[in-house]
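J.: 3D, please:
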Amino acid sequence: MKSNLLFYLLPALFFLASCSKTAKTTPSTTPVTVIPGPLPNTVDKTDTINVMAYNVLTYGNDCQGSTDTLNSYLKTIIQYVQPDLFSFEKMAAFDPTVSQPGNLVADVVSGALNAVFPGKYAYATPTNLSRGSDMSVLFYNQQKLTYVKTETLEANVTDFNLYKLYYNDPNLAITKDTTFIYVLVNHTQSGSSSSIRDIQVSTEMQDLRAKFAYLPNLVNMGDFNTHNSYEPGYQSIITSADTATKMSDPPFYPDKSVSYPAEWENNTVAYAPFLTTTTRALATVPNSCGTGDGAKSWYDHIFISPWLINGSNYMQYIPNSYKTIGNDGHRTGVDINSASPVVNTSAPASVLNALFQFSDKYPITIKLLVKANRNAYSIADPKERN
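T.: Coordinates of the predicted model:
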């Protein structure tokens, strides 16, 4: 009986022993990424890039006064916000190849920006291929960023330009690994009908997704003139079959301060802190160049790529850093500097007055955290395909 039992048990024991040995000796097929340690002589540094989008209400066409007058207000705004990377939408059209006073962007830099912070600011090369009556321009803090190039993705009423810059990493000479950031600046067609701006934004997003297989460190910002989140143009930014090319509006995600679907024009109370138009209760005060009725809609947005949400490549959106400068959430139907229904304490009185005088739009900002690259390792930037 014992010999019969051994006859049946021995093969089973041999099988188990064989399985155990095989499991221990089979190599893993999962690749392991080994991130190297810091290189010698590199420094550990974090930085912040303050991003701003601002519709400047035809700066330079004299409707609101001379550029000298406007620059006096702009200096107050810049000194308060201290942006590092910012767009001006709706500047009066100008020839960027001429010198001052005809070159309005040079006038902004010398008359306002560097008057407050000498030597700090420069501008990316602007274009006006569409021959529009107004233009958008990108400015940057050259102490933190270096400009690479301008590419016009679309020229339809105005130019939709993609700008490429990189962070002035203190370790770049050692690592030779550059941290790039792209900025797409928008000023779409206004009006109750969204048909033209839907085409403008949908086309630029098609061009952007044709250019990049996945989105790099990328900001898409400006005055989109959107009345709600249903507009096809807005949807073309926040939806994509490929999540790697979908962009996010920070108050919705990742901050989750508000949620979709969003009817900000028909439900201003629910979106009061985010409304960007207008800073003025009356369309005739302080001049008749803009619109009135106080904060009534959310035209201006700063969209960010998945990389910036996740901090995939040395830059990351700082949660809850999205701000509408000067909007305390109580500006519906009133001036930015009105004492009714409550005194606006979201910014100093001098800044609120400057915002009121300079434009009928509120500027919006976000902050990006930047880390110095110490190990010459980073995820590959997507190849620019066209």
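
J.: got the contact list for Leu85?
T.: 49-52, 138-141, 145, 165, 181, 183, 219 (C-beta atoms under 8 Å, 6 or more residues apart in numbering). (Each C-beta comes from the backbone N, C-alpha and C, glycine too.)

J.: for the helix or strand hosting Glu151, what is the average pLDDT?
T.: Per DSSP states H and E: Glu151 is located in strand 145-156. Averaged over strand 145-156, pLDDT sits at 98.

J.: list the helices and strands it packs on?
T.: In terms of contacts (3 or more C-beta pairs under 8 Å, 6 or more residues apart in numbering; DSSP states H and E), strand 145-156 is packed against strand 158-167, strand 180-187, helix 195-211.

J.: Now Gln189: phi and psi?
T.: phi -70, psi 130 (degrees, to the nearest 10).

J.: If I look at it, what pLDDT would I see?
T.: 96.

J.: Spatially, what comes nearest to it if we skip its sequence neighbours?
T.: In space, and not counting its chain neighbours, Gln189 is closest to Ile196: 4.0 Å by C-beta to C-beta, 6 or more residues apart in numbering.

J.: who's in contact with the one you found?
T.: 157, 188-189 are the contacts of Ile196 under C-beta under 8 Å, 6+ apart.

J.: Can you say which of those are buried?
T.: 157, 188-189 (16 or more other C-beta atoms under 10 Å).

J.: ok, those vs Trp298, which is closest?
T.: Comparing these against Trp298 with C-beta to C-beta places Thr188 closest, at 13.5 Å.

J.: was I right about that closest one contacting Asn220?
T.: No - between Thr188 and Asn220 there is no contact under C-beta atoms under 8 Å: 11.8 Å.

J.: Look at Tyr73 and tell me its secondary structure.
T.: Recorded secondary structure, Tyr73: helix (DSSP: H, G, I helix; E, B strand; the rest coil).

J.: What is the neighbour count of it?
T.: Residues lying near Tyr73 (other C-beta atoms under 10 Å) number 21.

J.: again, but for Pro96
T.: Pro96, neighbours per other C-beta under 10 Å, totals 17.

J.: With adjacent residues omitted, what lies nearest to it?
T.: Pro126 (4.9 Å).

J.: Just read off the phi/psi values of the one you found.
T.: phi -90, psi 170.

J.: In the beta-sheet assignment, what are the partners of the nearest residue to Ser248 once chain neighbours are set aside?
T.: Spatial nearest neighbour of Ser248, excluding adjacent residues (C-beta to C-beta, 6+ apart): Ile304 at 5.7 Å. Beta-bridge partners of Ile304, counted by DSSP bridges, are Val219, Ser248.

J.: Find the least confident helix or strand in this structure, judged by mean pLDDT.
T.: Taking mean pLDDT, DSSP states H and E as the measure, the helix or strand of the chain with the lowest value is helix 2-25, at a mean of 41.

J.: Downstream of it, the next helix or strand is which one?
T.: Toward the C-terminus from helix 2-25 - assigned by DSSP H and E - lies strand 46-59.

J.: CA atoms only: put that following strand into CSV for me.
T.: The C-alpha coordinates for strand 46-59 follow below in CSV (Å, rounded to 0.1, in the frame of the first residue of the first chain):
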residue,chain,number,x,y,z
THR,A,46,12.6,75.3,-8.6
ASP,A,47,11.1,78.3,-10.2
THR,A,48,7.6,79.7,-11.0
ILE,A,49,6.4,81.0,-14.4
ASN,A,50,3.4,83.3,-14.1
VAL,A,51,1.3,83.1,-17.2
MET,A,52,-1.2,85.8,-18.2
ALA,A,53,-3.7,86.3,-21.1
TYR,A,54,-5.1,89.8,-21.5
ASN,A,55,-7.4,91.5,-24.1
VAL,A,56,-6.0,95.0,-24.3
LEU,A,57,-8.9,96.6,-26.2
THR,A,58,-7.2,97.9,-29.4
TYR,A,59,-4.2,99.3,-27.6
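
J.: Please name every helix or strand in contact with it.
T.: helix 67-81, strand 85-92, strand 180-187, strand 218-223, strand 300-304, strand 364-371.

J.: Take the contacts of Leu85 and write them to JSON lines, including neighbour count.
T.: Formatted as JSON lines, those follow (neighbours: other C-beta atoms under 10 Å):
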{"residue": "Ile49", "neighbour count": "22"}
{"residue": "Asn50", "neighbour count": "19"}
{"residue": "Val51", "neighbour count": "25"}
{"residue": "Met52", "neighbour count": "23"}
{"residue": "Leu138", "neighbour count": "25"}
{"residue": "Phe139", "neighbour count": "24"}
{"residue": "Tyr140", "neighbour count": "23"}
{"residue": "Asn141", "neighbour count": "19"}
{"residue": "Leu145", "neighbour count": "20"}
{"residue": "Leu165", "neighbour count": "23"}
{"residue": "Ile181", "neighbour count": "27"}
{"residue": "Val183", "neighbour count": "25"}
{"residue": "Val219", "neighbour count": "26"}
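
J.: correct me, but Gly233 touches Gln189?
T.: No - if you go by C-beta under 8 Å, Gly233 and Gln189 don't touch, sitting 9.7 Å apart.

J.: Show me the common contact partners of those two, please.
T.: Contacts common to Gly233 and Gln189, judged by C-beta under 8 Å, 6+ apart, are 197, 200.

J.: re earlier: closest to Ser87 out of the contacts of Ile196?
T.: The nearest one, if we look at the contacts of Ile196 relative to Ser87 and count by C-beta to C-beta, is Thr188, at 13.2 Å.

J.: Just give the closest residue to that closest one, not the sequence neighbours.
T.: Nearest to Thr188 is Arg197, by C-beta to C-beta, 6+ apart, at 3.7 Å.

J.: Same check on Asp335?
T.: Ala281 (4.8 Å).

J.: got the phi/psi numbers for the one you found?
T.: Torsion angles, degrees, to the nearest 10, at Ala281: phi -80, psi -40.

J.: tally of neighbours for the residue nearest to Thr188?
T.: 26.

J.: Check Ala295 too.
T.: A count of neighbours around Ala295, defined by other C-beta under 10 Å, yields 30.
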